[in-house]
Structure formats: structure tokens, C-alpha cells
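Visitor: Prediction below, plus the sequence it came from.
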Amino acid sequence: MMQLRPACPEDQAAIMALIDAVYHEYGDRLCLEGADRDLLDIDAHYMKAGGAMVVLDDAGRVRGTHAVLPEAAQATVCVFRRLYLDATLRGGPWGVRLMEWAIDWARAHSMQRVEFWSDTRFTRAHAFFARLGCQRDGRIRSMDDGCIPYQEYFFFLNL
């Protein structure tokens, strides 16, 4: 039975494998020296920083992830990170459940706005975000901290 539960250090390898598999769909891979170094210490990067991370657990197998972090410079803003879902589960209820968990977390922590960046290649995810009320403001940033250069769109959701 699948369930959302808090990520724990023992999930690290499975989380990295899931995200790496998604990247491979786009001809990319994890870059632990750069963009993906947060995955080397999930507890320190998310929980100890005042945020949270969950995994979608399917009988001990990680099939999805999502994380949220308070924005240090803005007390009522949080950042969504690491929304990934196994390819076989996309388009079903689990992506919505992961986003609902993060939005519920944000509201429970008195956040008024969510912000996040998403790789421009993730077009299906962008349509999903729009269906949930997330908006783009036109910003695009070029990144060179991955294994190959990439660009990201900025999204926000006012709560």
C-alpha cells in the first residue's frame, strides 16, 4: 500500500535513484557536486533547516518525493523542492497528493506564498502546476550547476 511519510536518512539512495531516473528521461543525470548536493544530507538540508521532505513509499520502495523549505529572507514565503514521481504514477492521484501535502505544510506554517523553479524541459509538470493554480511570472534563469547546462522557469502560488 502506498503512503506518504517523512523522508529518513535510510531513504537517501532510493531518493537519489528516483531523481536520477527522472533526469535520465531528459538525457541528464544527478550532479552531487552541484545542483543535487542537498541530497547528500536530506536531514540537514530540509528538516534541520525548518522544512520537511516526504517520500511516497510503496511497500518500502520510494516512488515519489517532495520537499518544502521556509525562505530565509521572507518569513511568509516557502520554497517547494524535489517534486519527483515515478513515471508509471504520473497523471494519477499521487502528484496531486504530494502537492497537497506541501501546500498543507505551507499553510500550517503560516506561509502566504509558495515559490519554486522548475526545469524548462519538464513541460508536463508545468501543465500540472498550472492546473493546481501555480503561475509563472515570466522569469527564466540559466543554470550551470548540473551535469549539463539547463534553464528553469519561476513559479509561485499565493495561499
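Guide: Perfect, I can see it now.
Visitor: residue ranges of the strands in this protein, please?
Guide: Along the chain, counting by DSSP state E, strands occupy 2-6, 52-58, 61-70, 77-85, 113-119, 135-143, 150-158.
Visitor: So what touches the last one?
Guide: For strand 150-158, the external contacting residues (C-beta atoms under 8 Å, 6 or more residues apart in numbering) are 28, 103, 112-121, 126, 129, 132-143. Glycine gets a C-beta too; all of them are placed from N, C-alpha and C.
Visitor: ok, the residue nearest to residue 19 when sequence neighbours are not counted - contacts?
Guide: The shortest distance from residue 19 to any non-neighbouring residue, by C-beta to C-beta, 6 or more residues apart in numbering, is to residue 84 (5.2 Å). When contacts are counted by C-beta under 8 Å, 6+ apart, residue 84 is found next to 18-19, 22, 64-66.
Visitor: before we move on, the earlier item: residue 93: which of the strands of the chain is closest?
Guide: Nearest of the strands of the chain to residue 93, taken as C-beta to C-beta: strand 2-6 at 9.8 Å.
Visitor: For that closest one, name the packing helices and strands.
Guide: strand 52-58, helix 93-108 (3 or more C-beta pairs under 8 Å, 6 or more residues apart in numbering; DSSP states H and E).
Visitor: neighbouring strands for the shortest one, and are they parallel or not?
Guide: With DSSP bridges as the criterion, the sheet partners recorded for strand 52-58 are strand 2-6 (antiparallel), strand 61-70 (antiparallel).
Visitor: Buried deepest among those strands, which one?
Guide: Mean neighbour count (mean count of other C-beta atoms under 10 Å) peaks for strand 61-70 among these, with a mean of 22.
Visitor: chain center to it: distance?
Guide: Centroid separation for strand 61-70 versus its chain: 6 Å, with C-alpha atoms, centre = their mean, to the nearest Å.
Visitor: May I have it as CSV, with CA atoms only?
Guide: What follows is strand 61-70, C-alpha atoms only, in CSV (Å, rounded to 0.1, in the frame of the first residue of the first chain):
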residue,chain,number,x,y,z
ARG,A,61,10.2,1.4,-2.4
VAL,A,62,10.4,5.2,-2.9
ARG,A,63,8.1,6.1,-5.8
GLY,A,64,7.9,9.9,-5.2
THR,A,65,9.3,12.8,-3.3
HIS,A,66,8.5,16.4,-2.4
ALA,A,67,10.2,18.9,-0.1
VAL,A,68,9.4,22.3,1.3
LEU,A,69,11.7,24.9,2.9
PRO,A,70,11.0,28.3,4.5
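Visitor: Right, I'll leave it there.
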